[in-house]
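Student: Predicted structure and sequence below. I'll ask about it afterward.
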Amino acid sequence: MAIHDFKSERLYVDADLKQGATVQLVETQAHYLLHVLRLPPGAALRVFNGREGEWRAELTDVRKRTCALDILEQVRPQTGGPDIRYLFAPLKHARLDYMVQKAVELGVARLSPVLTRHTVPDRVNLDRMRANAIEAAEQCGVLRIPQVDAPVTLAKALEQWDPARPLVFCDEEAPVKDPVAALQTLTSRAVGVLIGPEGGFSEEERQLVRSRAFVLGISLGPRIMRADTAAIAALTLVNATAGDWV
């Protein structure tokens, strides 16, 4: 998604946005603008809330620890993005942060961690995941913040899955050797992508996934990728064949 203004800082806010409104920023945001970026009163920013597009704003009511934004005018209407739900086995901190950021850049609508036999982290920090999603959206001009789901087991995720939504299963043992051709057979633009843990799925888990009629298994080529690399490769393929790149 192109950014129309490369110079102004972009900031996500949770407040409703409309012309003439004033948004009081939380202390962490005020600290970032005033003491990290050292923006002066009257500085121009772009703000978005994931619901009402992007707006031009001006820094105002500057105090030692707080500040506000005057909302001036809308510069971009709200847009959606590809209807991609991304299911993944959580990784350790830094690599999970990276994977979430890249998934947001690639336009996923929903982040859904699934617990598998070989999942390494025993806990998933959803607040950290959402913070990384917001940071990626701020930096890359994305207007939508993906939904972040609480982790569930792989079996439960499959049980709750909408069978009308194809689930692309990235499986190194899949017989499909041309993933582009396979993905071009999808008749729905609402899709899911499933990436396993570093140690791969167990054979029981692989059979469980393969048994579902809504699953499309694809190979990502002859090389074994790390989970975060596989995520980028798979989401790129889906965007190029069933997402908003076509």
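Tutor: Arrived safely, thanks for sending. Numbers count the residues shown, from 1 in each chain.
Student: Enumerate every residue touching Tyr86.
Tutor: 103, 108, 110-112, 192-193, 195, 231, 235 (C-beta atoms under 8 Å, 6 or more residues apart in numbering). No exception for glycine: its C-beta is placed from N, CA and C like everyone else's.
Student: If you could redo that for Ile218, that was the one I meant.
Tutor: For Ile218, the contact set (C-beta under 8 Å, 6+ apart) comprises 168-171, 174, 176, 179, 182-183, 234, 237.
Student: taking those residues one by one, which sit in helices?
Tutor: 179, 182-183, 234, 237 (DSSP state H).
Student: Adding neighbour count, write the residues you listed out as CSV.
Tutor: Formatted as CSV, those follow (neighbours: other C-beta atoms under 10 Å):
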residue, neighbour count
Pro179, 22
Ala182, 18
Leu183, 22
Ala234, 25
Leu237, 20
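Student: now for the residues you listed, which pair is the farthest apart?
Tutor: Spatial extent of the ones in helices among the contacts of Ile218 (C-beta to C-beta) is set by the pair Ala182 and Ala234 at 11.9 Å.
Student: For the chain, give me the ranges with low pLDDT.
Tutor: For the chain, the stretches with pLDDT under 70 are 1-7.
Student: quick revisit: from the contacts of Tyr86, list the buried ones, please.
Tutor: Buried by 16 or more other C-beta atoms under 10 Å: 103, 108, 111-112, 192-193, 195, 231, 235, out of the contacts of Tyr86.
Student: picking that back up, ok, the contacts of Tyr86 vs Val152, which is closest?
Tutor: The nearest member of those to Val152, counting by C-beta to C-beta, is Ser112 at 7.8 Å.
Student: Let me know the secondary structure of that closest one.
Tutor: Three-state call for Ser112 (DSSP: H, G, I helix; E, B strand; the rest coil): strand.
Student: and what of Ile232?
Tutor: Ile232 ends up helix, using three-state DSSP.
Student: Leaving out sequence neighbours, find the closest residue to it.
Tutor: Nearest residue to Ile232, sequence neighbours excluded (C-beta to C-beta, 6 or more residues apart in numbering): Lys102, at 5.3 Å.
Student: so that neighbour sits right up against Ala227, yeah?
Tutor: No. Here Lys102 does not reach Ala227: they are 11.6 Å apart, not a contact under C-beta atoms under 8 Å.
Student: give me the beta-bridge partners of the spatially closest residue to Leu37 that is not a sequence neighbour?
Tutor: Leaving aside its sequence neighbours, Leu37 sits nearest to Glu9 (C-beta to C-beta, 6+ apart; 6.4 Å). Assessed by DSSP bridges, Glu9 has beta-bridge partners Leu45.
Student: and Glu9, what does it touch?
Tutor: Counted by C-beta under 8 Å, 6+ apart, Glu9 has contacts 33, 37, 39, 43, 45-46.
Student: residues touching the closest residue to Ala233 other than its chain neighbours, list them.
Tutor: Nearest residue to Ala233, sequence neighbours excluded (C-beta to C-beta, 6+ apart): Leu220, at 5.2 Å. Neighbour list for Leu220: 170, 172, 179, 230, 233-234, 237 [criterion: C-beta under 8 Å, 6+ apart].
Student: Just the strands from this protein, written as ranges.
Tutor: Assigned by DSSP state E, the strands in the chain fall at 9-12, 22-24, 44-48, 54-60, 68-76, 84-88, 110-115, 147-148, 152-153, 167-170, 191-195, 215-218.
Student: Thanks again, I'm all set now.
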